[in-house]
Every structure is written in C-alpha cells, then in structure tokens.
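**Q** Quick one: sequence plus predicted model below, questions after.
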Amino acid sequence: MPISFVVMFVLVGILSSPAMACSTQVIANANVTSITKSQLRQIFLMRQLYWPDKQKIVVFVLPSSDPLHQIFSKCNLGIFPYKLDRTWNKLTYSGLGVAPIVVDSHQALIKAVTSTAGAIGYAEDFAEIKDKYVIQFQN
C-alpha cells in the first residue's frame, strides 16, 4: 500500500511539473499574426531569415539553461535545447550564419522583441504582452 502511494505521488509530481506544461507564447514585432509550427522551427533553426514582407528576422532567446527556454524548445519546436545549441554553433563556426541573440532574463527578452523591428522570441503564457505582439499558430 505505501509503495502505490509513493508511485502515485511521484507521477503526480512529474505530470504537474513546469517542464511538462507547454506554457509559452510566441511573440514577434513583425507584420505577422500567425505562423505554422514548421515555420517557427525554421526560424529558430536560423533557416528562415526573412518575414514574408522581406523584413529580416531577428531571433532572441534565453540561455539554454533557462527552464523557459527548455520548455519552449521541447514543446514548441520539438527539439532538445542541446540540439539547438549544436545547430547554432555549426552555423556560427562554419561562417554560414549567426546564432540568435541571447538575453539574460525573461523581461529583457520581451523588451528586446517588442523594441526591435522584425524580432521574434517567446514568453511565459501569463506574461502581460500586448496582443499585437502575440503570434498564433496555423494548422
């Protein structure tokens, strides 16, 4: 009996942990109101460099060790953070591209995106951001 209680307690703890919840929203300072998950992935892999209106995309991210970055990478992009780092390092060191701009805090990320033309990033679901910056997903 005590073992089943412990197992249930562990499962509840795992399932309710922040790492399991996809509690992020994509934010952008561009003339875009929605994108597909595939486009989002291409943007954060630094493969799509321009918005449809030909404006350059500026990608902002948190450090790989930040829990919000880990949740965003796994849930929204379907990529582990270390694989994103590996991709960005290959681009940078081969001279074929540049890595996203890393900011130190959640507030700095929101400020950078909302004040930089063509920028994209992510924030917590409960972060208070004007609707004009929040990007919806197309199916």
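**A** Perfect, thanks for sending it.
**Q** Regarding residue 85, what is its secondary structure?
**A** Counting by DSSP: H, G, I helix; E, B strand; the rest coil, the backbone at residue 85 sits in helix.
**Q** How about residue 79?
**A** Taking three-state DSSP as the rule, one finds residue 79 in the coil state.
**Q** wait, doesn't it sit right on residue 41?
**A** Yes: A contact is recorded between residue 79 and residue 41 when judged using C-beta atoms under 8 Å, the distance being 7.3 Å. All C-beta atoms are positioned from the backbone trio N, CA, C, and that covers glycine.
**Q** Quick one: low-confidence residue ranges for this protein.
**A** Per-residue confidence for the chain (pLDDT under 70) gives these ranges: 1-21, 139.
**Q** Now do the helices in it.
**A** 2-15, 37-44, 67-71, 81-94, 106-115 (DSSP state H).
**Q** Just put those in JSON lines and tack on mean neighbour count and distance to residue 125.
**A** As requested, the helices of the chain are arranged in JSON lines below (neighbours: other C-beta atoms under 10 Å; distance: least, C-beta to C-beta, whole Å):
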{"stretch": "helix 2-15", "mean neighbour count": "9", "distance to residue 125": "18"}
{"stretch": "helix 37-44", "mean neighbour count": "18", "distance to residue 125": "16"}
{"stretch": "helix 67-71", "mean neighbour count": "17", "distance to residue 125": "10"}
{"stretch": "helix 81-94", "mean neighbour count": "14", "distance to residue 125": "19"}
{"stretch": "helix 106-115", "mean neighbour count": "17", "distance to residue 125": "12"}
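**Q** which stretch among those helices comes nearest residue 60?
**A** Proximity to residue 60, assessed across the helices of the chain by C-beta to C-beta, is greatest for helix 106-115 (4.8 Å).
**Q** Excluding its own residues, what touches that closest one? List them.
**A** 27-29, 60-62, 68, 101, 103, 119-124, 127, 129-130, 133 (C-beta atoms under 8 Å, 6 or more residues apart in numbering).
**Q** hmm, back to that, need the helices of the chain in TSV with distance to residue 54, can you?
**A** Putting those into TSV (distance: least, C-beta to C-beta, whole Å) gives the following:
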stretch	distance to residue 54
helix 2-15	44
helix 37-44	15
helix 67-71	29
helix 81-94	21
helix 106-115	19
